[in-house]
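Novice: return atomic coordinates for the entry below.
(2 chains)
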Amino acid sequence: MSPPNSPNLNGGNSADPLLARYHEAVAFESAKPSDAVRANVFAHAQRIAAQSALQRDRRNSTAANDSRWRFAGLAAAFVTAGVAGWLTHQYFNVSGSDAERRVVSAPAAAAAAAPAPKSESSPSATTSAAASPSIASNEAVASKAASADAASVAAASEPVRPSVPAPQPKAKPAAPEPTVASARANPAAAQATDMSRANAASVAAETNTATSARETAAASSSINRDTEQSVAVLDTQKRALRRDAAPPPAAAAAAPMVMAAPPPPALARPPTAGRAATTEVSDAAADRNAVLTVSLLAAVQADDVTRVNQLLAQGANPNSSAQSIRGFNELQSSLPIVAAAERGNMEILDRLLRAGADVNAMDSRGRSALSVARTAGREALVRRLLEAGAR
Amino acid sequence: MAIPSLHDITETSPDESLMSAFAAGNAKAFETLYDRHHLAVWRFVLRSVGEPATADDVTQELWIAVANAAERYQPSAKFRTWLFTMARNRVIDLSRTQKSQVSIDAEDDDGSPMFSELTAESRLGPLRQLESSEVARDLLQAIEALPAEQREAFLLQAEADMSVLDIASATSVSFETAKSRLRYARNALKALLSAHEETVTAHRVAAHRSLGSMTGLRA
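Specialist: Numbering: from 1, shown residues only, chains lettered A, B, ... in the order given. Predicted coordinates for the structure are as follows:
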């Protein structure tokens, strides 16, 4: 028999009289979904949404907020600050050398401008070369430059002190030290000389090497007595000293980090150890609870009333869920009371209710004990659950 | 796919956008979805399982499963189709558990509605005494009395607004089978309505005659 009308192939539409009659009919219907369903579903949805929002925030959080990157950023900042400090230090040292060079050239110029003392000779070639700028001919300077190292070493054997006139033979008048002479002639030049000594001393202090300090100070003394060419030799020596004594850039960069990092306080250890101990204790408690939960679920699944009583006496939580415990997915239900309803074991259900099990708790699939008992047609359990307040 | 923000979600937003918004943490989007579809799904389940309390349980499980699956949801099909397919699967699971109900997948014998199976219980409440509600009651009872797969096909069309193609896909049958089931269901319901209206008309005529005779007796 051929049907009189073909079905609507495009889905329901309001022009279809049969569907219109159907929708009129359901409008008369008094039965409605339970409000408890709505409340339960919305509560579950709120939890899911909160978890999703949390996960999204974690995914969207910038790398700068990650603890690893925070630490790396902090370390990079320290390294940058260290490098900058080292470069600044180097810059001022180089500038100091330049100033030194300018300052040292001033007494030399002043000495050159002053009338040369009329001395015939000096005790040694070196002192004679240093004694009088007027004698500082090109040859003497050249020989001084050539023997700069030897002169420095020789001068370094003497302690750092202001230039004093060398002992002169009685027959010969004492030739005044050019520095002293220039200091007398020009106090500013003398002050600058002292500054140059201080600079040299500071360089020596940087190297933390006594020998280097003495050499540098001695070299500085010779600077005061020498011409600008000898200053260049001193600079060369100082640079060599700095090069030897200066830490490599990496070490220089790391140094501020070490200094900036506060030493671990002595009292920091006990609280850390305490926290670790607390964590261990809580981990152990969590493990014990997980074991009790799984054992309780297994006992319920096995209808083992004795074991259920035993586990509840040991502190097993009848409302604890096993859904988050790995390796126990084979448990059909994640809640003991739902499992008891599934098994239809009235004795265990009673025991769980007396132990404080939530009669309206839902498992991970949204099933309550009542819904499971009702679906399975277990009237006695349904009555007992309703008496206990299930809805 | 861009995740809709809270401000992008309105009452008229598409279902798929609401699901994406919920998966991104917007609980309000899920509530909008629920309010939009829960009655239709509940009616579909109710007509299939017969008991309001069981329908509550099944729909609660269904919506919780929807919430759990939101993160994995891919809008490859219409949300409504997906939702009703999930509802149907749960009804099948339930029927297998209870074993007392006729299996939805079982083939019907003749495809004709069994009027003797119409339940006496009605959920029409105080309106059942009204004439229009009688038609409604009888129609709903006739739907419940349909063979399971015909009822399912009709309800998927009436509640989920599915086309025959969608019904075939949701019920995992061929297009022709789905079309045939739907046609039988609709013809049975129309026949029932026609029979009912004839009966009502006959009763009315009888009532009028009775009333007229009583009036005549009084006169």
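Novice: so chain B: which segments form each domain?
Specialist: Structural domains of chain B, as assigned by automatic domain parsing, span the residue ranges B:1-101, B:127-219.
Novice: ranges for the helices of chain B?
Specialist: Secondary structure of chain B, counting by DSSP state H: helices at B:15-23, B:27-49, B:52-68, B:79-98, B:131-145, B:148-158, B:164-171, B:175-218.
Novice: any idea how far the longest one is from the chain center?
Specialist: Just to be clear, that refers to helix B:175-218. Relative to its chain's centre, helix B:175-218 lies at 22 Å (C-alpha atoms, centre = their mean, to the nearest Å).
Novice: packing partners of that helix?
Specialist: With contacts taken as 3 or more C-beta pairs under 8 Å, 6 or more residues apart in numbering or on different chains; DSSP states H and E, helix B:175-218 sits against helix A:17-28, helix B:131-145, helix B:148-158, helix B:164-171. From N, CA and C alone the C-beta is placed, and that goes for glycine too.
Novice: and for the third one?
Specialist: Counting contacts by 3+ C-beta pairs under 8 Å, 6+ apart, helix B:52-68 is packed against helix A:35-60, helix A:369-375, helix B:27-49, helix B:79-98.
Novice: ok, residues contacting it?
Specialist: With C-beta atoms under 8 Å, 6 or more residues apart in numbering or on different chains as the test, helix B:52-68 has contacts from A:31, A:33-34, A:36-37, A:40-41, A:44-45, A:48, A:362, A:364-368, A:371, A:374-375, B:22, B:30, B:33-34, B:38, B:41-42, B:45-46, B:49, B:83, B:86-87, B:90-91, B:94, B:123.
Novice: how about a cut-off of 7 Å?
Specialist: Outside helix B:52-68, the residues that touch it by C-beta atoms under 7 Å, 6 or more residues apart in numbering or on different chains are A:31, A:33-34, A:37, A:40-41, A:44-45, A:48, A:365-367, A:371, A:374-375, B:30, B:34, B:38, B:41-42, B:45-46, B:49, B:83, B:86-87, B:90-91, B:94.
Novice: any of those buried? List them.
Specialist: A:33-34, A:37, A:40-41, A:44-45, A:48, A:365-367, A:371, A:374-375, B:30, B:34, B:38, B:41-42, B:45-46, B:49, B:83, B:86-87, B:90-91, B:94 (16 or more other C-beta atoms under 10 Å in any protein chain shown).
Novice: about what we covered before: can you redo the helices of chain B as a markdown table with distance to A:T293 and mean pLDDT?
Specialist: As requested, the helices of chain B are arranged in a markdown table below (distance: least, C-beta to C-beta, whole Å; pLDDT from 0 to 100):
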| stretch | distance to A:T293 | mean pLDDT |
| --- | --- | --- |
| helix B:15-23 | 30 | 87 |
| helix B:27-49 | 29 | 90 |
| helix B:52-68 | 21 | 90 |
| helix B:79-98 | 26 | 86 |
| helix B:131-145 | 43 | 78 |
| helix B:148-158 | 40 | 91 |
| helix B:164-171 | 39 | 90 |
| helix B:175-218 | 46 | 78 |
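Novice: closest one to B:E71 among the helices and strands packed on helix B:52-68?
Specialist: Within those, the stretch nearest B:E71 is helix A:35-60; the backing value is 6.5 Å (C-beta to C-beta).
Novice: if we can go back for a sec, mind checking which of the helices and strands packed on helix B:175-218 is nearest B:T10?
Specialist: Proximity to B:T10 (C-beta to C-beta) singles out helix A:17-28 among these, at 24.9 Å.
Novice: wait, does that closest one make contact with chain B?
Specialist: Yes. Part of helix A:17-28 sits near chain B under the criterion C-beta under 7 Å from any C-beta of the partner chain, namely A:L18, A:L19, A:R21, A:Y22, A:E24, A:A25, A:V26, A:F28.
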